[in-house]
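Peer 1: sequence first, predicted coordinates after that:
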Number of protein chains: 2
Amino acid sequence: MNIAVAQSGGPTCAINASLVGVFRESLKEPEIDAIFGSVNGIEGLIQNHLIDLKTLIFTNDDMELLRQTPSTVLGSCRYKLPDWHDDDSVYRKITATLEQRQIGAFFYIGGNDSMDTVQKLSAYFRETESPIRVIGIPKTIDNDLCVTDHTPGFGSAAKYVAATLQEIIRDSSVYSIPSVTIVEIMGRHAGWLTASAAVLHELGEAAPHLIYVPEADFSLDKFMRDIRSQMAKHKAVIAAVSEGIEVPEGVQSGVVDNFGHKYLSGIGSYLERAVRNEIGCKVRSIELNVMQRCSSHLCSRTDIDESEAIGAAGVRCALRGETGKVMVFRRLHNMPYTVTIESADATEVANKEKSLPRSFINKDGNNIAKAAISYFMPLIQGELVIQMNHGIPAHFTIQESLLK
Amino acid sequence: MNIAVAQSGGPTCAINASLVGVFRESLKEPEIDAIFGSVNGIEGLIQNHLIDLKTLIFTNDDMELLRQTPSTVLGSCRYKLPDWHDDDSVYRKITATLEQRQIGAFFYIGGNDSMDTVQKLSAYFRETESPIRVIGIPKTIDNDLCVTDHTPGFGSAAKYVAATLQEIIRDSSVYSIPSVTIVEIMGRHAGWLTASAAVLHELGEAAPHLIYVPEADFSLDKFMRDIRSQMAKHKAVIAAVSEGIEVPEGVQSGVVDNFGHKYLSGIGSYLERAVRNEIGCKVRSIELNVMQRCSSHLCSRTDIDESEAIGAAGVRCALRGETGKVMVFRRLHNMPYTVTIESADATEVANKEKSLPRSFINKDGNNIAKAAISYFMPLIQGELVIQMNHGIPAHFTIQESLLK
C-alpha cells in the first residue's frame, strides 16, 4: 500500500514536524511502500499533483531540518469540499488520483476546516465502499479545536508571544516618561494565544498588566479606565489584546484613505489612536503579525516533538483500519507533564471552535486567572538546537518548480 | 578613582553588553574603585541618581545574563545638553555629582545625539580645567554613525531582520494565489538595516525581490511597476521597505480617523493600501517594529562580543588620559573578518549621519548590489547560548524601585 499526506490552512511552526511524523513512521511500516506528498493540500489530489517524498527527504538530517522549518513545505490551500450529494465531481477526481497511485490512506494536517474535509472524504469513501482511509492531524496556533487538549503549533506560537512580550517589556520601560504599549495577538475568535502571555506573570513580570480576550466583554470606556488605573501604578503599561475582541460597530468606519476606500486597521492601532486622543501619552501599538506563527527559530521543543508524535500516531491509527478520525492529545498530568494520543471522530472536531474557559479569565475580564498558568506552561518548554547557515537558521526547501 | 557609566537613546540588543565591557574592564584596573551606573542616561548625573554597580552585578553569570538582556538595564533618556555658554546650570549639577562621588571618568553609551553630549561635556571640562574624562561608546541599530565601520547593536538587528524575513518568505509562499508582502524596516534616514536583508540572496533566497532604501529615489509609480514586474516572475513577491523612504508630500494626509485627527500610518501600510487599490491582489504589510531592536534571543554573537570589547576599550582609552573621544571599529578584513578598536574625536561623530553608499544599491534603485554582501555578512555571525527560564529567555533586571 502507498500513502499520501497533505498540509492545509494557515502556517505554523509545527506542520512540517507532523509531516516528518507521518513520513518517519511510514518508513518503519513494512506494509507501506511509497509516501506521496500532495501539493497545496487537497488541491494536489484533485489535480493529481503529488511528489514522491522519498525523492526529497533522504537523511535523518533532512528530517531534522524539516522539523525546524516553519510553514508548509508542500504548500497549502483553503479549499472546502462541496457536499458530495450535490456534486461529487471533485470526489471522483480525488478517488481517481488515489486509486491510480494505489494510495490506501490519506493524512490531512490542518485546522477545523481541514477536519471538515477529513469528515466528508471519509464519509464518501464509506458510502462508495472504498477501502481508502482518511485521518486528520490537527494544527493551528489558535488552539481552538475541540476534543484535543491543545493543538500542534500552539505551543511554539505561545513561546514566541511570551518571549517577544518579555523583550517588548524591556524595550518599553527605558524612558522616565509614562507610556502605553498595546500588543495585538492572533487567535481569531479564541483568546488562547493572547491568554498564554500570562505565563510571564509566573516568571516574575508584572506585565502584561492587561490582557483582553474575545471571550470577555469589551468596551472602550472600560478599556480607558483600565489603562488609566494601570498608569497610576506603572510607568510603562503593557496591554495584550486579541485580534478577535469586538469593538462597537462602526467605530472604525470613520477612517477613509486617500483612495476613498474605507481603511480597516487592526484593533491594536485602533486602540493606540484612542489612547493617544483620550489620554495623550506616549503610546505604541505592535502587531505580532505572521511572526507569531512562523518564528521556528524560537519554537517549543515540546510542541515540535508532540507534532511529530501525533503525525506518527495517525499512521498507526490508519493501519489499525480506522478512518474519519482526528488524532487528539489527552493530558494526564500537568506536572510531570504527560499526554497520550488518541483518536476522535472527525465530526466532533470539524467546523467547531473551542473557546477559552471562563475560569481562565479574571473577574474583571481584563486579565488571565492564575488557574490558566499550569495549562499553558508545559506547552512552551524546551528548545530545538537550531542548525544555522551563515548566521541564519537553515530551512528545508523544495525546488519551486516541483510545486508548480 | 571612581567611574560612571550611562546608557542613552533607543534600545538595542547590545547596550548592556557594552555596559558589561566597561564594568568587567574596570574590575581589572587597580586604579578604579567604585563603578557607578547613572540612571536614565545623563539625567542620572544631573539628578545625582547613581547606583553602585558592584551591589547589582556579582558574578560572571550575572554578566553573561546582562549580555543577553535587551534594552538598557539602567534606563535611558533623550536629553540634549544646552550650549554651556548660554546656560551652564546643568553642567554645574553634573560636575557636582561627579566630584561628590570622586568620579574621574564618565562613559556614555549611545547614538549620535549622545555623542553630542560627550563632545559638549568634555569641552566644558577642558574649559573649566576639570580632569574628568568623557568617553563615548557608540550604539544604534541604524548603523548611521560616522567614522566607525559599523555600530554595536546593528549586527543583532540585521540578524533578526534576515532571519525573520526568511521565515516570512516561508510563510508567504504557501498558497497557490499570487500575493505581495511588504515588510517595513527601521533605520530612520539611513537604509543600512533594510539593505542588510540582502544577505538572504547569498543564502539562496530569491526574496526579498525588491529592497527600497532612503538613499535611492522613490516614486509610487515606479514601485507599482516594480511590483507588477516581480509578480510576473514570482508567485509570492516580498518587498523590504525602509521606514525612511519618502513618499510624495500629502499622500498620507487624506486619512482622518473618527476623532477627526489625521492618521499617520507607516509607509508599509500605506504601500499595502496602494497595492490593494491598484492591483487588487492579496497583500499584507508587516512592521518589524521594536522587535528588530530588542530580540536578544536571536542576537549576533559577533555583535555582542564586539559591543563588550568596545566598552572595555573605552575604559583603557580613558585611563590613557584621553577625553572627548568616541570609540570606533576599523575593519581590516572581511574574510577572515578582523576589526580593531580605535578612538575618534567626538566632533567627528556627534550630530552626523552616515548614509548607505551608492555602490551598495543596484542601478534601478530597487535592490541591493552584490558588493554590499561582504560588508554585512560577518556582522550577523554566531549565536549566544541563551540561558532559559521555564521556556523563556532569562533576563537580568534591576528592582524597579532602584530606578525611580
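Peer 2: Received the coordinates, thanks. Numbering: from 1, shown residues only, chains lettered A, B, ... in the order given.
Peer 1: three-state assignment of the residue lying closest to residue A:74 once chain neighbours are set aside?
Peer 2: For residue A:74, ignoring the flanking residues on the chain, the nearest one in space by C-beta to C-beta, 6 or more residues apart in numbering or on different chains is residue A:37 at 4.6 Å. The way it works is simple: take the backbone N, C-alpha and C, and place the C-beta from them, glycine included. The local conformation at residue A:37, judged by DSSP: H, G, I helix; E, B strand; the rest coil, is strand.
Peer 1: how about low-confidence regions in chain A?
Peer 2: Low-confidence segments of chain A, defined by pLDDT under 70: A:248-265.
Peer 1: need the strands for the stretch 1-150 of chain A, in chain order.
Peer 2: For the stretch 1-150 of chain A, the strands defined by DSSP state E, counting those that start in this stretch cover A:2-7, A:35-38, A:50-52, A:103-110, A:133-138.
Peer 1: measure residue A:214 to residue B:387 for me?
Peer 2: Residue A:214 sits 35 Å away from residue B:387, going by C-beta to C-beta, to the nearest Å.
Peer 1: that older thread, what residues are up against the residue nearest to residue A:74?
Peer 2: Counting by C-beta atoms under 8 Å, 6 or more residues apart in numbering or on different chains, residue A:37 touches A:4, A:5, A:6, A:19, A:44, A:50, A:51, A:52, A:53, A:56, A:74.
Peer 1: pretty sure the first one contacts residue A:39?
Peer 2: No. Under the criterion of C-beta atoms under 8 Å, residue A:4 is not in contact with residue A:39, lying 10.7 Å apart.
Peer 1: and for the two, which residues touch both?
Peer 2: With C-beta under 8 Å, 6+ apart, residue A:4 and residue A:39 have common neighbours residue A:50.
Peer 1: what about residue A:101, neighbour count?
Peer 2: Here the count is done by other C-beta atoms under 10 Å in any protein chain shown, and residue A:101 has 17 residues near it.
Peer 1: so how far is residue A:217 from it?
Peer 2: 52 Å.
Peer 1: now which of the contacts of residue A:37 would you call buried?
Peer 2: Burial by neighbour count, judged by 16 or more other C-beta atoms under 10 Å in any protein chain shown, picks out A:4, A:5, A:6, A:19, A:44, A:50, A:51, A:53, A:56, A:74 from the contacts of residue A:37.
Peer 1: not counting sequence-adjacent ones, nearest residue to the fourth one?
Peer 2: Just to be clear, that refers to residue A:19. In space, residue A:19 is closest to residue A:5, 6.1 Å off (C-beta to C-beta, 6+ apart).
Peer 1: out of the strands of the stretch 1-150 of chain A, which comes closest to residue B:168?
Peer 2: strand A:2-7 (18.0 Å; C-beta to C-beta).
Peer 1: which one of the contacts of residue A:37 is nearest to residue A:179?
Peer 2: Nearest to residue A:179 among these is residue A:19, at 43.2 Å by C-beta to C-beta.
Peer 1: tell me, how many residues neighbour residue A:229?
Peer 2: A count of nearby residues for residue A:229, using other C-beta under 10 Å, gives 13.
Peer 1: helix or strand: which one has it?
Peer 2: helix A:220-231 (DSSP states H and E).
Peer 1: check residue A:333 too.
Peer 2: In the assignment (DSSP H and E), residue A:333 maps to strand A:325-334.
Peer 1: that strand near chain B anywhere?
Peer 2: No. Judged by C-beta under 8 Å from any C-beta of the partner chain, strand A:325-334 stays clear of chain B, getting no closer than 13.3 Å.
Peer 1: okay, now the domains of chain A?
Peer 2: Using automatic domain parsing, the domain parsing of chain A gives A:2-153+A:296-351+A:384-403, A:154-294.
Peer 1: tell me the residue furthest from the middle of chain A?
Peer 2: Among the C-alpha atoms of chain A, the one most distant from their mean position (C-alpha atoms, centre = their mean) is that of residue A:176, at 37.8 Å.
Peer 1: now for the nearest residue to that one once chain neighbours are set aside: which residues touch it?
Peer 2: Once flanking residues are discounted, residue A:176 sits nearest to residue B:40: 5.1 Å by C-beta to C-beta, 6+ apart. Shown in contact with residue B:40 (C-beta under 8 Å, 6+ apart): A:175, A:176, B:6, B:49, B:74, B:75, B:76, B:77, B:403.
Peer 1: over to residue A:88?
Peer 2: Neighbouring residues of residue A:88 by C-beta under 8 Å, 6+ apart: residue A:124.
Peer 1: any idea how far it is from residue A:124?
Peer 2: For residue A:88, the distance to residue A:124 equals 7 Å [C-beta to C-beta].
Peer 1: likewise residue A:193?
Peer 2: Distance from residue A:193 to residue A:124, by C-beta to C-beta: 34 Å.
Peer 1: more neighbours: these two, which one.
Peer 2: Legend: neighbour count by other C-beta under 10 Å for residue A:193 and residue A:124, higher for residue A:193 (31 against 22).
Peer 1: the more buried one in helix, strand or coil?
Peer 2: helix.
Peer 1: give me the nearest residue to it, chain neighbours excluded.
Peer 2: residue A:187 (4.3 Å).
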